[in-house]
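Here is my input, please return the structure:
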Amino acid sequence: MRKKKIDAPKEKPQRAAIYLRVSTAYQIDRDSLPMQRKDLVGYCEYALNISDYTIFEDAGYSGKNTDRPAFQKMMMQIRNGMYSHLLVWKIDRISRNLLDFAQMYEELKTLGVTFISRNEQFDTSTAMGEAMLKMVLIFAELERKTTAERVTATMISRANDGTWNGGRVPFGYDYNKETQTFSVNGDESFIVLEMYDLYEKTDSLVHTARELNDRGYVSRQHNPFSPVSVWTILRNPWYIGTYRYNYYKIPGRKAIKDESEWVVIPDHHTPLVSKERFDRVQKMLDSNARYRNTPGRSATQKNVNIFSGLIWCACCGAAFTASPGKLHASGYRSAKYGCPNVRKTKTCNAKYTSDTVLGEFLLNFILNVINAQKRFDQIKSPADLEAQLLRGDTFKNVARIDSASVDALYEMLAEYSPADSVLLKKPTVKKNLDPELRKLRADKRKTERALARLDHIYLYSNKQMSDKEYLIKKNDLMNDLKEQDKSIGLLTSESWAQSLSDDDFLEQASSFIMSQRLQEREYIYFQGLAECTEPSVLRSFFLSIVDSVRMRNGHVETLTFKNGISHKFTYLAI
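All right, here's what the predicted structure looks like:
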């Protein structure tokens, strides 16, 4: 078996992926792209003796990151084993970010794909080319580490000088960026003092949070208070005027650094409570055994299994059962899930999974769906959508998603506006769509197709179109799109105001809380999210979106959403 894995790349047919990129409109299909294309095709045919090649072009995209449609499509096909070589004009055509390039190269090496940079003569099929690239990777790693060290040293130096290093301004205070000073927020500070009064009276985080909510108080994000949020405020020395920095090993986590590494600046700003009162509350918190090791979580909260009832065995059809999992160094304990027939009857050999493994997969797939909806104007086909859905290292072992489900999701994304989450839609919603809204969305799709045709004519047509004519027409179409989006947004906001049942309201509330954590993110580290989010919120969020998950060999085989779409995943052979 080991020999077969080593020999497999040698048997791969010789086929090249040629990647081209220019970053400005003035370069597009004028000088740079034709020159790159002609030279690389010639090199591929005559120097490499490879006549089977595919050209991928990203015109007008920056190299600062890898969020480019043609690049993502190419990498997906490379992961599917379609190419033996990747040929570029220069390394900076792939990426100007050394760390992005290092990650891509490591993946190519794992897949057995030869990387060639024509201009710099990097050819990883030769010993010299491999050595040169290794030097690049060494410097990339050095850059990453030295940059991190410099940033950390600078931040600690600023903290020692009493300078605010950014982040969430503590509840009860306002921050003036111009003067870099803090002032007391009257309304919020009143709630903080009420919190201290209630905790000293009840000696209970749960009762304190409940009473604050009963009085109508909310957090800065207009969310109700939880025992965790109360604990966080009561434990923070900020409220006695002390600025504490470099306290947690990872910001927001419970793992604390050695005290010698802390930066503590007393009398940094106006305090809200006296040191005597703060110390008194700390003793009360310390004496409460329930919160000594797991702040804000009671025994019943610990037993909330996020994915209980959602997971099914693809081998025997049984529902997975939950049990306590690994206790992490940070104090977080995940649940593990397994087929009961493995242990009870031994008639099944299904592998176990856990909150961290399953949550990482589901959450980032959901995030990719959300981002696909936000960027749907850039997605031109179901193949582009599949590439977006499989973005990120979480899905590096996934070869493909069944085409029927991708097509169905593509149609649904085309039907709804970015403000109208498809993940929360029921299968019947499309039938009851408002006629005016349906017409607006159809008009929007026509405008988007017109934009695509305009780009194609400008770039590739034999009929010359001047830059001025192209920009005027494109500007008109973009204005039409903005007006259509505005009209669609008004109609969808009105339709959302329908009455909800209690269960629907809870689902929407949990989804709203989670959406605040997913905003503008490309990747979510599930364990980090789970450590700072109530398990009940995570469970309610997944229950509102996911119908079921079928597991095989420790992998998600089928993921079915509440909107009726069921995605089946095929994995690369390992």
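
Tell me the helix or strand right after the helix-or-strand element of the chain with minimal mean pLDDT.
Lowest by mean pLDDT, DSSP states H and E among the helices and strands of the chain is helix 299-302, with a mean of 41. Counting by DSSP states H and E, the next helix or strand C-terminal to helix 299-302 is strand 311-313.

Show residues contacting the helix or strand following that next one.
Moving toward the C-terminus from strand 311-313, the next helix or strand (DSSP H and E) is strand 321-327. For strand 321-327, the surrounding residues in contact (C-beta atoms under 8 Å, 6 or more residues apart in numbering) are 305, 307-308, 333-338, 340, 354-355. Where C-beta positions appear, they are placed from N, C-alpha and C, glycine not excepted.

again, but for stretch 192-209
Applying C-beta under 8 Å, 6+ apart, the external contacts of stretch 192-209 come out as 171-172, 211-212, 215, 217, 224-227, 229-231, 233-234, 239, 272-273, 277, 280-281, 284, 288, 291, 296, 298.

what's the spacing between that stretch and its chain's center?
36 Å (C-alpha atoms, centre = their mean, to the nearest Å).

what's the model's confidence in that stretch, averaged?
Stretch 192-209 shows a mean pLDDT of 90 in the predicted model.

Just the buried positions in it, please.
192, 195-196, 198-199, 204-206, 208-209 (16 or more other C-beta atoms under 10 Å).

Show me those that map onto helices.
192, 195-196, 198-199, 205-206, 208-209 (DSSP state H).

Burial check on Ser183, number of neighbours?
Using other C-beta atoms under 10 Å, Ser183 has 13 neighbouring residues.

and it, what are its phi and psi?
For Ser183, the backbone dihedrals (degrees, to the nearest 10) come out as phi -140, psi 160.

Touching, it and Val169? I think so.
No - if you go by C-beta atoms under 8 Å, Ser183 and Val169 don't touch, sitting 10.5 Å apart.

which stretches of the stretch 101-250 of the chain form helices?
127-160, 186-202, 205-214, 227-235 (DSSP state H, counting those that start in this stretch).

low-confidence ranges in the stretch 451-574 of the chain?
Scanning the stretch 451-574 of the chain for pLDDT under 70 picks out the ranges 455-468, 470, 484-521, 574.

For the residue of the chain most remote from its centre, what are phi and psi?
Most distant from the centre of the chain: Glu276, at 43.2 Å, with distances by C-alpha atoms, centre = their mean. Glu276 adopts backbone torsions of phi -60, psi -40, taken as degrees, to the nearest 10.

Next, work out how far apart Lys446 and Ser417 are.
Applying C-beta to C-beta, to the nearest Å, the value for Lys446 to Ser417 is 15 Å.

okay, these two: which has more neighbours?
Applying other C-beta under 10 Å to Lys446 and Ser417 shows that Ser417 carries more neighbours, namely 22 against 12.

Derive a ChimeraX selection command for the buried subset of the contacts of strand 321-327.
Selection of buried members from the contacts of strand 321-327 for ChimeraX, criterion 16+ other C-beta under 10 Å:
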select :305,307,308,334,335,336,337,338,354,355
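
State the pair within the contacts of strand 321-327 that is farthest apart.
Using C-beta to C-beta, the two most remote members of these are Arg333 and Pro340, lying 21.2 Å apart.

Pop the domain breakdown of this structure in here.
Here the domain assignment for the chain is 2-143, 182-300, based on automatic domain parsing.

In CSV: these, plus distance to Arg550.
Shown next, in CSV, are these (distance: least, C-beta to C-beta, whole Å):
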stretch, distance to Arg550
domain 2-143, 23
domain 182-300, 29
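
Out of those, which is closest to Lys396?
domain 2-143 (7.1 Å).

element containing Ala350?
Counting by DSSP H and E, Ala350 is part of no helix or strand.

do you know how far it is from Trp231?
According to C-beta to C-beta, Ala350 and Trp231 sit 39 Å apart.

what about the residue nearest to Asp100 when sequence neighbours are not counted, neighbour count?
Leaving aside its chain neighbours, Asp100 sits nearest to Thr66 (5.3 Å; criterion: C-beta to C-beta, 6 or more residues apart in numbering). Residues near Thr66, counting by other C-beta under 10 Å, number 18.

Output the contacts of strand 321-327 in a markdown table; the columns should cover secondary structure.
What follows is the contacts of strand 321-327, written out as a markdown table (DSSP: H, G, I helix; E, B strand; the rest coil):
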| residue | secondary structure |
| --- | --- |
| Asn305 | coil |
| Phe307 | coil |
| Ser308 | coil |
| Arg333 | strand |
| Ser334 | strand |
| Ala335 | strand |
| Lys336 | strand |
| Tyr337 | strand |
| Gly338 | strand |
| Pro340 | helix |
| Ser354 | strand |
| Asp355 | helix |
